[in-house]
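What follows is a predicted protein model with its sequence.
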Amino acid sequence: MPDTLPSPARSGARRTSVQVEPLTCTIGAELTGVNLADAARDDDLFAEIKNLLLRHKVLFLRDQDISRADHVAFASRFGPLEDHPVAGSDPDHPGLVRIYKDLNSPPEHYENALHTDGTWRTNPSMGAVLRCVESPPVGGDTIWVNMAEAHRRLPEHIKSRIEGLRARHSIEATFGAVLPEDRRHALKERFPDAEHPVVRTHPETGEKILFVNAFATHFVNYHTPENVRFGQDYAPGASQLLGHLISQAAIPEYQVRWRWSPNSVAIWDNRSTQHYAVQDYWPAVRKMERAGIVGDRPF
């Protein structure tokens, strides 16, 4: 049965309730009885949604026929919005990225990899609010992964081994890989590789989170006497460990999968999740609009 969490009474507002239906045992819940345009203007309702986000890590809503202005206003309640150096944003709504895929779209494979948004930044995204404008009749789902659960279930000897490790994350090696050399180097100059802990601490919940993904290229502090006896321990030893950690996101028990429909919305905590947009729908059209939220520096 769905949970029903009454919203506190609000001055000048009708008392409402948010119904919460968990979608898996570890991540994701669908909300009903709420409109995000209202939540953008209602402090108590927004606080309720934020608490649910911290608990479930990704929230889903359907039938959100809201304007772009409402979309941006709701996402901005979490914090300032960020632009994307490759995708850009809507000129009338800064921070709102239009992710439109149709028959004229250039072939690219950035979304259909398990990743955490913007870890190539010093301050990766805090989260995002993604709304479906047009969906394929079938296909085009998105998968999210609970990386706190992925860390919790690691064997203790692996947890001990990776404690204190840090990894380099690169936009040059991902979005920049298809660019001519001069433009690739210019992109890296603008966004130098970022360095993050392999296990970060969630700033609000205190959870430990496995924080490596498709943007991570290598460990920066692995080559120590404790880890390396001979060169073979360092390479490919370090890369094998990194690959093992990145592969944890592919475990279905940590995942939830969402089927899109027009006006459905996903809100996710980018600090504790990864996601994967399944590109199985060609030649159908898929149009999404995302507001990404500026985050903090991982620790």
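Thanks, I have the structure now. Numbers count the residues shown, from 1 in each chain.

Is the spatially closest residue to residue 298 that is not a sequence neighbour in a helix, a strand, or coil?
Using CB to CB, 6 or more residues apart in numbering and skipping the chain neighbours, the partner closest in space to residue 298 is residue 200 (4.1 Å). Placement of C-beta: from N, CA and C, glycine included. At residue 200 the chain is in strand, as set by DSSP: H, G, I helix; E, B strand; the rest coil.

ok, residue 197 - how many residues close by?
18 (other CB atoms under 10 Å).

beta partners of it?
Judged by DSSP bridges, the bridge partners of residue 197 are residue 166.

where do the helices sit along the stretch 51-200 of the chain?
Counting by DSSP state H, counting those that start in this stretch, the segments of the stretch 51-200 of the chain that form helices are 68-76, 147-152, 156-162, 181-190.

Pick the most buried one from those helices.
The highest mean neighbour count among the helices of the stretch 51-200 of the chain, using mean count of other CB atoms under 10 Å, belongs to helix 147-152: a mean of 23.

elements contacting it?
Contacts defined by 3 or more CB pairs under 8 Å, 6 or more residues apart in numbering; DSSP states H and E place helix 147-152 against strand 208-210.

neighbouring strands for the strand it packs on, and are they parallel or not?
Strand 208-210 is paired, per DSSP bridges, with strand 199-201 (antiparallel).

Tell me the buried residues in the partner strand?
Neighbour counts over strand 199-201 (16 or more other CB atoms under 10 Å) mark 199, 200 as buried.

what residues does it touch?
For strand 199-201, contacts defined as CB atoms under 8 Å, 6 or more residues apart in numbering pick out 151, 159, 162-163, 165, 207-211, 271, 298-299.

one more time with 10 Å, if that's ok
With contacts defined as CB atoms under 10 Å, 6 or more residues apart in numbering, strand 199-201 is touched by 119, 124, 147-148, 151, 154, 159, 162-166, 207-212, 245, 271-272, 297-299.
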